[in-house]
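Chemist: Give me a model of this one.
(chains A, B, C, D, E and F)
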4 protein chains.
Amino acid sequence: MPPEPATVLAEANRSPRTQSREVRRQQLIEATISTLAARGFARTTLTEVAKTAGISHGLVLFHFETKEKLLTETLTFMTEEYHQNWQAALAAAPADPAAQLLALIKADFASAITTPARLGAWCAFWGEAQSRPIYQEACGEKDAAYIRQLEVICEELVRQGGYGVDAIIAARILRVVIEGTWLDMMTMQNPYAPTEALRTVMSTAALCFPKHFR
Amino acid sequence: MPPEPATVLAEANRSPRTQSREVRRQQLIEATISTLAARGFARTTLTEVAKTAGISHGLVLFHFETKEKLLTETLTFMTEEYHQNWQAALAAAPADPAAQLLALIKADFASAITTPARLGAWCAFWGEAQSRPIYQEACGEKDAAYIRQLEVICEELVRQGGYGVDAIIAARILRVVIEGTWLDMMTMQNPYAPTEALRTVMSTAALCFPKHFR
Amino acid sequence: MPPEPATVLAEANRSPRTQSREVRRQQLIEATISTLAARGFARTTLTEVAKTAGISHGLVLFHFETKEKLLTETLTFMTEEYHQNWQAALAAAPADPAAQLLALIKADFASAITTPARLGAWCAFWGEAQSRPIYQEACGEKDAAYIRQLEVICEELVRQGGYGVDAIIAARILRVVIEGTWLDMMTMQNPYAPTEALRTVMSTAALCFPKHFR
Amino acid sequence: MPPEPATVLAEANRSPRTQSREVRRQQLIEATISTLAARGFARTTLTEVAKTAGISHGLVLFHFETKEKLLTETLTFMTEEYHQNWQAALAAAPADPAAQLLALIKADFASAITTPARLGAWCAFWGEAQSRPIYQEACGEKDAAYIRQLEVICEELVRQGGYGVDAIIAARILRVVIEGTWLDMMTMQNPYAPTEALRTVMSTAALCFPKHFR
DNA sequence: GATGAATGAGCCTTCATTCAT
DNA sequence: GATGAATGAAGGCTCATTCAT
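Modeler: Numbering: from 1, shown residues only, chains lettered A, B, ... in the order given. Here you go, the predicted structure:
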């Protein structure tokens, strides 16, 4: 588990000339996320990442060796963070499928996950993913685990509610609605609020499983 | 309306060395779409576009002046093409809202629109969108028109069916499910078939408007 | 066969903004030879080569793609030039072995071959040869042909003169004396003149084949 | 005289973390020689030298201040080592010139001197020599002493044998044949054995001074 | 219209050097 | 003595753009 952002910033704010290896790496990954969001994939340069982190560009490569590795590790970190976020939410929620689905959806709109910087960085990676298999590999497995979990929950809900909807299809609809509202928050000229995004997803859940939601 | 692809090829075959202005421009836009899909936004270079089009790179800038303009016009073309596609479909469909919605959805999965190259190019633009407001402006209006049209149809369906769902929300759900299945076809490691994508969208429509679909 | 240096320079001195492909390439190879001699292998940079040629560094890579290829082609050119120099000398000389050996040795000290720039460049390549097999490959074959030719001549001289010396050993001695005086001209603080170098080699020939020389 | 390698290693094994000044310096010079031979002049970096010596790169500059000084001192050490090697050999040999020459030649092919690492390092220095006058100065004096000594021996041999050869020329021939066989052992694709090299040099001596050798 | 030589800004990367610990 | 984080100059390379032909 990565160090708490708060801790990282606290250490970083002490701003000594030299930092421990892990603190610097985490700091640089956060700077990379911010830069990806602010400038997009194509214009994310090491110089810009370094400037964002307030250090020299040489130090970035001292810690990550190549730009490629910096980007890969950034994606790995975000994937891991996202994965742990929803797994923790599931673990903390009651065992019944409706509560699990609610927890999963809420987790996906948790403020630590839907940071503008993180949404922007995800968007940048998606844009490149099609042409760079390396990025697909980094999160393919984790994505599959998420999808499978969502399907299991939906299957249980369908069983409980006797719904006519195909659980696999319902799971897919829920997933793409979550993704889609994320994209809307990133790309629309006048995006709606995160609460509106959450309401949209919950409406979808209610359409799929009316006895459990609303 | 852009010239028919067939016409473009015919003209191109007539005289490969010197082409009319419009034919060359269209040829280069198609090459740009292919290159964006094949290499992503960050690695799309003028040289690569020129190679795909089978001409020298100098000629690309002769026709488009800057790379920026080439990309902008490519996006404008795709937006226009997409726009005309669904408008033509609506015009050809019966006037009742269920038929209109069906036409709209089918149009979005028409083979000319869901070309791998076009899907890839859209994906590349989305990934960089947040850092390039100019591109948002290029398709913002058209997007808004699409959304408004979808909302109007949904409002009519809700009125007809007396559904409890909010028409605006339903329209948004349908739109993001369409977008989401597009993304799935682009980025999943083992993507499902276009027919499966269409089935997913139609299931969503059935959930929203059960008396009209299924 | 590469264009005559004189022709190359003449064309270069016209100094048009754009040059034909072959002229530029030859000009850049000469600039590389000069730079290698002046600064050594380690400090030969593309920028320096470009400056020597009076063009931008980008153009160097436009014509040679990579620094590695520029260096390889430079070595190939020098090898070829050297090879053709002694082969032409042999062809122009009488058929008897003493005349052939004399021609070979004189060819190796011809002014076009023992340019300070060329000697320096050879020295730079030799210094790196041990750690870069690619350079050995470039001239290994040609070297072998030279050695074999020298051995053939020495064998004939030994046969004619009934000398006790081993022809293979004599050929090797002659070769390293030629190489060694080259090195002396490059590396000594107070190097002797080329005529003195030639005299040294001829003395070696006289020691090996006293009835034929002196 | 530098410490015996055995002693160096013994001290090194005693306490790898903190070493006496001289031991560390000697250890680093040996590492520099190995690195020069393995990677060539251009690619010899402080990090690589440090890695070969098994210490951090910071420590290299702690002991030598600059890379330039490390290389200069390495060259000085090799020059000194070479110088003492042939001087010791001369001192141990009988006083007559034939024995002295034999001792000198054998010294130049002593196994401690013709280490692959040392041959490679010499080669690397030669290749860059012309661009680095400082290195010429480092070994110019010693070289001159060697040449002078060789000339003195040759003059005496010529006097004794009444040979027609110029002693200065003979000395030069012998020197470049020694150097040349060194180069052969370094750069040929299929180099001959050191014994063959020695045989070549002795043949040269026999050609120059037939009454004294063979 | 079309080609391709030429330029130069800006990128990633290497590496000698400095310095806090 | 020793380590390794940090800096910045400089190198190779890419690529948008200009321009002579």
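
Chemist: contacts, neighbours, all on C-alpha from now
Modeler: Will do.

Chemist: and after the helix or strand bottoming out on mean pLDDT in chain A, which helix or strand comes next?
Modeler: The least trusted helix or strand in chain A, going by mean pLDDT, DSSP states H and E, turns out to be helix A:5-14, with a mean of 42. Past helix A:5-14, further along toward the C-terminus, the next helix or strand under DSSP states H and E is helix A:21-39.

Chemist: now the helices: where do they sit in chain A?
Modeler: Taking DSSP state H as the test, the helices found in chain A are A:5-14, A:21-39, A:46-53, A:57-64, A:67-92, A:97-108, A:116-129, A:133-161, A:167-187, A:194-208.

Chemist: which of these is buried the deepest?
Modeler: Counting by mean count of other Cα atoms under 10 Å in any protein chain shown, helix A:116-129 has the highest mean neighbour count of these, with a mean of 24.

Chemist: And chain B, is that helix touching that?
Modeler: Yes - on the criterion Cα under 8 Å from any Cα of the partner chain, helix A:116-129 is in touch with chain B at A:Gly120, A:Cys123, A:Ala124, A:Phe125, A:Trp126, A:Gly127, A:Glu128, A:Ala129.

Chemist: list the contacts for the residue nearest to the first one when sequence neighbours are not counted?
Modeler: Counting by Cα to Cα, 6 or more residues apart in numbering or on different chains, A:Gly120 lies nearest to A:Ala37, which is 4.0 Å off, once chain neighbours are set aside. A:Ala37 is in contact with A:Pro116, A:Ala117, A:Arg118, A:Leu119, A:Gly120, A:Ala121, A:Cys123, A:Ala124, B:Gln130, B:Ser131, counting by Cα atoms under 8 Å, 6 or more residues apart in numbering or on different chains.

Chemist: mind running it again at 10 Å?
Modeler: A:31, A:44, A:116-125, A:186, B:127-128, B:130-131 (Cα atoms under 10 Å, 6 or more residues apart in numbering or on different chains).

Chemist: just for chain A, where's the confidence low?
Modeler: Scanning chain A with the threshold set as pLDDT under 70 gives A:1-17.

Chemist: What residue in it comes nearest to DNA strand F?
Modeler: Proximity of chain A to DNA strand F (Cα to the nearest atom of the strand) peaks at A:Thr18, 3.1 Å away.

Chemist: and chain A, which of its residues are near DNA strand F?
Modeler: Counting by Cα under 7 Å from any atom of the strand, the positions of chain A adjacent to DNA strand F are A:17-21, A:24, A:55-59, A:62-63.

Chemist: Repeat the analysis, applying 10 Å as the threshold.
Modeler: For chain A, the residues in contact with DNA strand F under the definition Cα under 10 Å from any atom of the strand are A:12, A:15-25, A:28, A:47, A:50-51, A:53-63.

Chemist: so what's the closest residue to A:Tyr135 other than its chain neighbours up against?
Modeler: Of all residues not flanking A:Tyr135 in the chain, A:Ala129 sits nearest, at 5.6 Å (Cα to Cα, 6+ apart). A:Ala129 makes contacts with A:Cys123, A:Tyr135, A:Gln136, A:Glu137, B:Gly40, B:Gly120, B:Cys123, B:Ala124, B:Gly127, B:Met186, B:Thr187, B:Met188, as judged by Cα under 10 Å, 6+ apart.

Chemist: and if we set it to 8 Å?
Modeler: Contacts were defined as Cα under 8 Å, 6+ apart; by that measure A:Ala129 touches A:Tyr135, A:Gln136, B:Thr187.

Chemist: and which of those is nearest to chain C?
Modeler: Distance to chain C across the contacts of A:Ala129 (Cα to the nearest Cα) is lowest for A:Tyr135, with 28.7 Å.

Chemist: any idea how far the closest one is from DNA strand E?
Modeler: From A:Tyr135 across to DNA strand E, the span is 16 Å (Cα to the nearest atom of the strand, to the nearest Å).

Chemist: shouldn't that residue be in contact with A:Thr74?
Modeler: No - the pair formed by A:Tyr135 and A:Thr74 falls short of the contact definition of Cα atoms under 8 Å, at 10.4 Å.

Chemist: For chain A, what lies in contact range of DNA strand E?
Modeler: In this structure, chain A approaches DNA strand E at residues A:15-20, A:41-50, A:56-62, A:64-71, judged by Cα under 10 Å from any atom of the strand.

Chemist: ok, and of these, which contact chain B?
Modeler: A:Phe41, A:Ala42, A:Arg43.

Chemist: give me every residue that touches A:Ala205.
Modeler: Shown in contact with A:Ala205 (Cα under 8 Å, 6+ apart): A:Leu174, A:Phe213.

Chemist: Let me know the closest of the residues of helix A:116-129 next to chain B to C:Phe213.
Modeler: Each of the residues of helix A:116-129 next to chain B was scored against C:Phe213 by Cα to Cα, and A:Glu128 proved nearest at 74.8 Å.

Chemist: who's in contact with the closest residue in space to that closest one that isn't next to it in sequence?
Modeler: The shortest distance from A:Glu128 to any non-neighbouring residue, by Cα to Cα, 6+ apart, is to B:Gly40 (5.6 Å). By Cα under 8 Å, 6+ apart, the residues touching B:Gly40 are A:Gly127, A:Glu128, A:Gln130, A:Ser131, B:Gly120, B:Ala121, B:Ala124.

Chemist: make it 7 Å
Modeler: With contact taken as Cα atoms under 7 Å, 6 or more residues apart in numbering or on different chains, B:Gly40 is in contact with A:Glu128, A:Ser131, B:Ala124.

Chemist: returning to what we had before: distance of the residue nearest to A:Tyr135 from A:Phe41?
Modeler: Taken as Cα to Cα, to the nearest Å, the spacing of A:Ala129 relative to A:Phe41 amounts to 11 Å.

Chemist: and what of A:Arg199?
Modeler: When Cα to Cα is the yardstick, A:Arg199 and A:Phe41 sit 30 Å from each other.

Chemist: Residue nearest the middle of chain A, spatially speaking?
Modeler: Among the residues of chain A, the one closest to the centroid is A:Tyr82, at 4.6 Å (Cα atoms, centre = their mean).

Chemist: Let me see the contact set for it.
Modeler: A:Ile113.

Chemist: ok, it to A:Trp122 distance?
Modeler: Plainly put, A:Tyr82 is 11 Å away from A:Trp122 if you go by Cα to Cα.

Chemist: so who does A:Val152 touch?
Modeler: In this structure, A:Val152 makes contact with no residue, judged by Cα under 7 Å, 6+ apart.

Chemist: Kindly report the same for A:Leu28.
Modeler: With Cα under 7 Å, 6+ apart, A:Leu28 has these contacts: A:Ala53.

Chemist: hmm, 10 Å instead?
Modeler: A:22, A:34, A:49-50, A:52-55, A:59-60, A:63-64, A:70, A:74.

Chemist: Identify, from those residues, the entry nearest to B:Ile147.
Modeler: A:Ser34 (30.2 Å).

Chemist: correct me, but the closest one touches A:Lys51?
Modeler: No - applying Cα atoms under 10 Å, one finds A:Ser34 not in contact with A:Lys51, separated by 11.3 Å.

Chemist: how close does A:Glu137 sit to A:Ile147?
Modeler: According to Cα to Cα, A:Glu137 stands 16 Å off from A:Ile147.

Chemist: That's all I had, so thanks and see you.
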